[in-house]
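*Asks:* This is a predicted model, with the sequence first.
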Amino acid sequence: MELLECRHLCKEFDNRQILKDINLKIPRGKIIGLLGKNGTGKSTLIKLINDLLTATSGEILINGENPGVASKKIISYLPERTYLDKEMTIKQAIKYFEEFYENFDSKKAVKLLKDLKLDINTKISKMSKGMQEKLQLILVMSRTAELYILDEPLGRSRSCNKRLYTRYDTF
């Protein structure tokens, strides 16, 4: 069984076809990148997989099931926009993820924070946009998930990406 499968997936917004007849199979253990111009439906596909949008037609299967509660437990998703509460400290954000996700590894998060020289006591509102992006990436990559979905990961700090992807390649 494939980890992710899209069958004849279509999505329309206001009678405008964004995705048309997408067929895709992604087995376990593969790293796949979606490439394309702005507005070609990459983020729409990601949102459909994460059950944030509903397909116009077609089907998405994650571990053989439609997206839902079960898939949210095995997918670690990094959206393109920041979502963290700016009033939290990094330590509080880690605690929040630890309480919210059964598969969150706080020890891994702390190690990554040290590797990227982020102080755990820093308030998120006091961090630069690039540092906030690093924190979000650390939180997402610190889950022991079956599927990691990163929307616009290369738009984030390149040195952060290189370190995370080369040192922690077991995702």
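*Replies:* Received, thanks.
*Asks:* Geometric centre of the chain: which residue is closest?
*Replies:* residue 77 (2.2 Å; C-alpha atoms, centre = their mean).
*Asks:* Confirm it sits in a strand?
*Replies:* Yes. Assigned with DSSP: H, G, I helix; E, B strand; the rest coil, residue 77 falls within a strand.
*Asks:* Spit out the contact partners of it.
*Replies:* 46, 50, 140, 148, 149, 150, 151 (C-beta atoms under 8 Å, 6 or more residues apart in numbering). The way it works is simple: take the backbone N, C-alpha and C, and place the C-beta from them, glycine included.
*Asks:* got the contact list for the closest residue to residue 27 other than its chain neighbours?
*Replies:* Using C-beta to C-beta, 6 or more residues apart in numbering and skipping the chain neighbours, the partner closest in space to residue 27 is residue 2 (5.6 Å). Residues near residue 2 by C-beta under 8 Å, 6+ apart: 25, 26, 27, 61.
*Asks:* which residue ranges form the strands in the chain?
*Replies:* Under the criterion DSSP state E, the chain contains strands at 4-13, 16-26, 57-62, 75-78, 147-150.
*Asks:* can you list the domains in this protein?
*Replies:* 1-67, 82-171 (automatic domain parsing).
*Asks:* burial of residue 19, as a residue count?
*Replies:* Neighbours of residue 19 under the rule other C-beta atoms under 10 Å: 20.
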